[in-house]
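[1] Fold the following and give me the result.
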Amino acid sequence: MLTPAFHFNILEAFLPAMNEQSQVLVTKIRQQVIESQEKGAVLDVVPYITYAALDIICGEWVLCAKLCTVAALLTK
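    The predicted structure follows:
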């Protein structure tokens, strides 16, 4: 029943969004790792991955607009 929803042809449409948001995610995590190391703290990556998934799914396909939640995460 779930197979048609996750067919490779359907998932290929998400590749540009995945690639773009993956680059944003890596950039933000890289910045936070440097800051965490300077403070001697541990970095929790769960919020970054959660927001990246939200950007990929919602930002590109549901709302037809980029939410940029990962990029905005650091501005709070």
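
[2] What is the helix or strand that contains residue 49 packed up against?
    If you go by DSSP states H and E, residue 49 is part of helix 46-54. Judged by 3 or more Cβ pairs under 8 Å, 6 or more residues apart in numbering; DSSP states H and E, the packing partners of helix 46-54 are helix 15-39, helix 69-73. No exception for glycine: its C-beta is placed from N, CA and C like everyone else's.

[3] Mean pLDDT lowest where, among those?
    Lowest mean pLDDT within the helices and strands packed on helix 46-54: helix 69-73, at a mean of 59.

[4] would you list the helices and strands packed on helix 46-54 in a markdown table and tack on mean neighbour count and distance to residue 45?
    As requested, the helices and strands packed on helix 46-54 are exported to a markdown table (neighbours: other Cβ atoms under 10 Å; distance: least, Cβ to Cβ, whole Å):
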| stretch | mean neighbour count | distance to residue 45 |
| --- | --- | --- |
| helix 15-39 | 14 | 6 |
| helix 69-73 | 17 | 11 |
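
[5] With residue 51 as the reference, name the closest of the ones you listed.
    helix 69-73 (3.9 Å; Cβ to Cβ).

[6] now the helices and strands packed on helix 46-54 in a markdown table, with distance to residue 58?
    Putting those into a markdown table (distance: least, Cβ to Cβ, whole Å) gives the following:
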| stretch | distance to residue 58 |
| --- | --- |
| helix 15-39 | 10 |
| helix 69-73 | 9 |
